[in-house]
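Q: Predicted coordinates and the sequence they were generated for:
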Amino acid sequence: FGYAMAVIAGFLLTAIRNWTGHQTVSGPALFVLFALWLSARGLSFGGEDRASAVMAACDLLFMVLLFVAATLPVLKARQFAQAGILSKLFLMMVSNALFYLGVFGVVDNGIQWGLYSGLYMIIALLLVMARRVVPFFIEKGTNDGVVVRNRRWVDNTSLVLLLLLWVVDVFTDYRAAAALIAAALFVVHVVRMAGWYSSSLWSKPLLWVLYVAYAFIVFGFLLKAAELWSDLMPTLYIHAFAYGGIGVMTIGMMARVILGHTGRNVLSPPPVLAYVFALLVSGAVVRVVLPLLDPELYPAWIATSQLIWVTAFLIFIVVYTPMLLKARIDGRDG
């Protein structure tokens with residue numbers, strides 16, 4: 001609800017403006033959204049009941065206003081096809097509310113329901129956005145004339161299965177059913193990834209980073225399925241989703257979007273970017289794969305991956321902050 005929601009907010013407010021042709025919040029209104037998000041993050045260090053209540057108010061108000069800011073341009077443009085994305089954003093808001101209801105003792109399982117529901121909703125949003133942009137990026141960004149294959153049955157089946165996995169895994173104790181659904185999701189998304197594959201993407205950091213991030217989410221489904229038939233740590237699929245999927249995909253999307261929306265060429269990213277991506281992917285491997293090989297060193301793997309995450313994002317911030325502090329180089333409105 002912190003990092004991931006900030007990225008989602010920035011992406012949607014930018015993308016919805018392009019999709020609908022209507023201005024999304026900017027200037028003082030955008031600053032209010034940011035201030036609410038930042039206040040909720042800062043108040044989390046308070047620990048007192050009063051601070052927790054204010055934190056909850058700021059966090060939930062941020063999400064309510066974000067949902068309104070995303071919905072109004074869609075309604076004005078009558079783009080009802082965006083209802084799927086808006087519904088997931090609404091469920092994120094409900095998940096956050098569930099979490100706070102659990103914190104304050106109103107709903108017994110609220111903390112767990114809210115956190116895990118939030119994770120599944122973020123994964124759902126990422127998969128939807130990846131389906132929209134990754135095939136397009138691969139076709140336009142590779143040099144071999146590849147035509148990606150998208151299958152409607154994959155799109156529909158993956159959505160239904162993910163909704164089922166969310167409900168079964170979060171709100172029931174049917175572990176076998178959750179594992180079978182996760183296994184089916186793994187197969188469906190492998191089929192999708194096969195239809196998107198081009199060997200040329202490995203020479204384009206802004207392409208392979210998204211493809212690898214998608215692969216980590218798919219690997220997360222496999223780890224979730226394997227829980228039923230093995231002694232795997234039950235948290236590894238979460239790390240695959242969160243670090244390998246959310247972390248790697250969001251930095252890849254931010255890197256591309258910042259270039260495009262500051263007037264720069266997305267086909268000529270800063271050379272250091274490939275090393276940043278490789279570093280973060282290595283952190284995901286440390287966090288997700290190495291515990292499979294030596295679970296006794298799990299705390300060391302976690303600490304190492306944290307250090308790698310911080311290092312990768314520090315380099316990213318150093319490289320990209322100057323772009324964001326200046327006007328677009330082509331003189332257009334950013």
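A: That came through, no problem.

Q: For the closest residue in space to residue 269 that isn't next to it in sequence, list the residues it contacts.
A: Closest residue to residue 269 apart from its sequence neighbours, by Cβ to Cβ, 6 or more residues apart in numbering: residue 206 at 5.6 Å. In short, each C-beta sits where N, CA and C put it, glycine included. By Cβ atoms under 8 Å, 6 or more residues apart in numbering, the contact set of residue 206 is 137, 141, 252, 255, 256, 266, 269, 273.

Q: Isn't the second one up against residue 201?
A: It stands for residue 141. Yes. Counting by Cβ atoms under 8 Å, residue 141 touches residue 201, with 7.5 Å between them.

Q: hey, what's in contact with both of the two?
A: Shared contacts of residue 141 and residue 201 (Cβ under 8 Å, 6+ apart): residue 207.

Q: returning to what we had before: with respect to residue 186, which of the contacts of residue 206 is nearest?
A: Nearest to residue 186 among those, counting by Cβ to Cβ, is residue 252 at 21.6 Å.

Q: Name the SS class of the spatially most central residue of the chain, please.
A: Closest residue to the average C-alpha location of the chain: residue 246 at 3.9 Å, with Cα atoms, centre = their mean. At residue 246 the chain is in helix, as set by DSSP: H, G, I helix; E, B strand; the rest coil.

Q: ok, now residue 106?
A: If you use three-state DSSP, then residue 106 falls in the coil class.

Q: State the distance from it to residue 65.
A: Residue 106 is 23 Å from residue 65, where distance means Cβ to Cβ, to the nearest Å.

Q: Please say which of these two ends up with more neighbours.
A: Neighbour count, other Cβ atoms under 10 Å: between residue 106 and residue 65, residue 65 has more, with 17 against 11.

Q: list the contacts for residue 35?
A: Applying Cβ under 8 Å, 6+ apart, no residues contact residue 35.

Q: mind checking how far it is from residue 303?
A: 33 Å.

Q: Residue 142 now?
A: Taking Cβ to Cβ, one finds residue 142 at 38 Å from residue 303.

Q: Which of those two has more residues huddled nearby?
A: With neighbours defined as other Cβ under 10 Å, residue 142 and residue 303 compare such that residue 142 has more, 18 against 12.

Q: What pLDDT is listed against the more buried one?
A: pLDDT for residue 142: 79.

Q: ok, now residue 263?
A: On the pLDDT scale, residue 263 gets 85.

Q: my read: it touches residue 326, true?
A: No. At 10.0 Å, residue 263 does not count as touching residue 326 under the criterion of Cβ under 8 Å.

Q: For these two, indicate the residue with more neighbours.
A: residue 263 (14 against 10).

Q: Quick check: which element contains the closest residue to residue 174 other than its chain neighbours?
A: Distance criterion Cβ to Cβ, 6+ apart; nearest residue to residue 174, sequence neighbours excluded, is residue 168 at 5.5 Å. Here residue 168 sits within helix 152-171, counting by DSSP states H and E.

Q: Show me the contact partners of that helix.
A: 84, 112-113, 116-117, 120-121, 123-124, 127, 131, 174, 177-178, 181-182, 184-185, 188-189, 191-192, 195, 224.

Q: buried set for it?
A: 154, 157, 158, 159, 161, 162, 164, 165, 166, 168, 169, 170 (16 or more other Cβ atoms under 10 Å).

Q: where's the last one relative to residue 21, distance?
A: This points to residue 170. Distance from residue 170 to residue 21, by Cβ to Cβ: 37 Å.

Q: One more: the second one?
A: As judged by Cβ to Cβ, residue 157 and residue 21 stand 32 Å apart.

Q: what do you get for the third one?
A: When distance is defined by Cβ to Cβ, residue 158 is 29 Å away from residue 21.

Q: For residue 122, list the residues it contacts.
A: 4, 8, 92, 246.

Q: what does residue 119 give?
A: Contacts of residue 119 by Cβ under 8 Å, 6+ apart are 238, 241, 242.

Q: Report the separation between it and residue 75.
A: Residue 119 sits 28 Å away from residue 75, going by Cβ to Cβ.

Q: likewise residue 82?
A: Distance from residue 82 to residue 75, counting by Cβ to Cβ: 10 Å.

Q: And residue 54, by the same measure?
A: From residue 54 across to residue 75, the span is 31 Å (Cβ to Cβ).

Q: Also residue 206?
A: 33 Å.

Q: same deal with residue 290?
A: Distance from residue 290 to residue 75, by Cβ to Cβ: 48 Å.

Q: Comparing those two, which shows the higher neighbour count?
A: Higher neighbour count among residue 290 and residue 75: residue 290, with 16 against 13, using other Cβ under 10 Å.
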